[in-house]
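> here's a sequence, model it:
(chains A and B)
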Number of protein chains: 2
Amino acid sequence: MLEPVVVKPIGVVRSSVKEPRRGGWESLESTIVVQDRWASALDGLEGFSHIFVIYWLHLISENLRETTTHVHPRGDHRIPLQGVFATRSPVRPNPIGLRVVALLERRGNVLRVRNLDAIDGTPVLDLKPYLFHDSYDGVPESTVPDWIQDTARGHSPPSSDERQRQES
Amino acid sequence: MLEPVVVKPIGVVRSSVKEPRRGGWESLESTIVVQDRWASALDGLEGFSHIFVIYWLHLISENLRETTTHVHPRGDHRIPLQGVFATRSPVRPNPIGLRVVALLERRGNVLRVRNLDAIDGTPVLDLKPYLFHDSYDGVPESTVPDWIQDTARGHSPPSSDERQRQES
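A predicted model of the protein is given here:
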């Protein structure tokens, strides 16, 4: 019933980062090289300070993503297992990456960006302007579960082992 | 060099809206029915108030999206033509939809959501938790071009015709 969709990448990431890593993307500058045929479709994007990059995590094996339903977020075993859709894990049924990046410069078919968490050679599927206003992409009133808040503050919740010890 | 990517939808939208329309999604409630095999991959998603839905605009013809590089945003001819990547137009090389929705309820493999701008039968490619904090998905300092700000305030900028008249 739900037929597979064929997506042709519109460009590729060029970055000094050649291997997957878990963090440290915030200050990284990289470029997105859009295919020549789509260069003019970028017209006007340079008016936005931030854009969404939608890309394909091409190194995640089909076997891994077809068989993984739960992960420990960020590989941290102190955080309880979560369904992959409740995480931003790259291992998911369709390894589609989504990141808000700062757009530093557009020159023809090349975008210079900061904060893109994708390695060199990553296929890019789509680019969209980021629209904070009117709760379109910016939803300040949104809430998250405790495990996110705890880890966002830089400390993980106690594991069940630690909790048992604390409670005993 | 950039090979096509095959994406298998993980679910489908069920909605009272059967035909494409331009707006009026904010208060609409619809459901996302995830394939049974991925139901457990939703575990924990119910802890988030808002999620990203990434979907495929299946009604956009390949011919239209292969030949369109510029559009008038929202079909408003008073707004100058923009490259499709500078807009959220459904007509784009890969018609991937991205929307932040309120997650009202999860029951097994079914999510009830509000504000999803996708019609009944739309294939869903991925679901992600929305993380406002730490400028991850929420970037209050982001800026947009004038034509967005003007139309966000509910009035369009003058067309070049009107501007000529005003200036003459």
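
> any regions of chain A where pLDDT drops low?
Of all residues in chain A, those with pLDDT under 70 make up the ranges A:1, A:151-168.

> repeat that for 90
Scanning chain A for pLDDT under 90 picks out the ranges A:1-2, A:22, A:74, A:133-135, A:148-168.

> can you give me the strands for chain A?
A:5-7, A:11-14, A:29-34, A:50-56, A:70-71, A:82-83, A:96-107, A:110-114, A:123-129 (DSSP state E).

> in this structure residue A:137 contacts residue B:101, no?
No - look at residue A:137 against residue B:101 with C-beta atoms under 8 Å: they stay out of range, at 11.8 Å. C-beta here means a position set from N, CA and C on the backbone, and glycine is covered the same way.

> nearest spatial neighbour of residue A:111, skipping sequence neighbours?
residue A:32 (4.4 Å; C-beta to C-beta, 6 or more residues apart in numbering or on different chains).

> any idea how far residue A:14 is from the one you found?
8 Å (C-beta to C-beta, to the nearest Å).

> between the two, which is the more surrounded one?
residue A:32 (27 against 14; other C-beta atoms under 10 Å in any protein chain shown).

> what's near enough to touch that one?
By C-beta atoms under 8 Å, 6 or more residues apart in numbering or on different chains, the residues touching residue A:32 are A:11-14, A:53, A:110-111, A:113, A:116, A:124, A:127.

> quick check: residue A:59 touching residue A:19?
No - here residue A:59 lies out of contact with residue A:19, judged by C-beta under 8 Å, at a distance of 9.1 Å.

> who touches both of those two?
residue A:119.

> so the two - more neighbours on which side?
residue A:59 (13 against 7).

> residues contacting that one?
Residue A:59 touches A:20, A:119, counting by C-beta under 8 Å, 6+ apart.

> if we go to 7 Å?
residue A:20 (C-beta atoms under 7 Å, 6 or more residues apart in numbering or on different chains).

> and it, backbone torsions?
Main-chain dihedrals, residue A:59, degrees, to the nearest 10: phi -90, psi -10.

> residues near residue A:12, how many?
Counted with other C-beta under 10 Å, residue A:12 comes out at 20.

> now do residue A:78
What residue A:78 shows, counting by other C-beta under 10 Å, is a neighbour count of 18.

> again, but for residue A:71
19.

> now it: closest residue in space that isn't a chain neighbour?
Leaving aside its sequence neighbours, residue A:71 sits nearest to residue A:89 (C-beta to C-beta, 6+ apart; 4.8 Å).

> for the one you found, phi and psi?
phi -50, psi 140.

> with only the CA atoms kept, save stretch A:76-90 in CSV.
Taking Å, rounded to 0.1, in the frame of the first residue of the first chain, the C-alpha atoms of stretch A:76-90 are listed here in CSV:
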residue,chain,number,x,y,z
ASP,A,76,24.4,6.8,27.4
HIS,A,77,23.3,3.6,29.2
ARG,A,78,22.3,5.6,32.2
ILE,A,79,19.3,6.9,30.2
PRO,A,80,16.6,4.3,29.8
LEU,A,81,16.0,2.8,26.4
GLN,A,82,13.7,4.9,24.2
GLY,A,83,12.0,4.1,20.9
VAL,A,84,14.1,5.5,18.1
PHE,A,85,11.4,7.9,17.1
ALA,A,86,11.6,9.5,20.5
THR,A,87,15.3,10.3,19.9
ARG,A,88,17.4,12.0,17.3
SER,A,89,19.5,8.9,16.9
PRO,A,90,20.9,8.5,13.4
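
> ok now that stretch, how far from the chain's centre?
14 Å (C-alpha atoms, centre = their mean, to the nearest Å).

> what comes into contact with that stretch?
If you take C-beta under 7 Å, 6+ apart as the criterion, stretch A:76-90 is touched by A:57, A:60, A:68-73, A:91-92, A:97, A:147, A:151, A:156-159, B:40-45, B:127-129.

> contacts only, for residue A:44.
Taking C-beta under 7 Å, 6+ apart as the test, what residue A:44 contacts is B:82-83, B:86, B:145.

> so which of the residues you listed is surrounded by the most neighbours?
residue B:86 leads these on contacts (other C-beta under 10 Å) with 27 neighbours.

> how near is it to residue A:32?
With C-beta to C-beta as the criterion, residue B:86 and residue A:32 are 14 Å apart.
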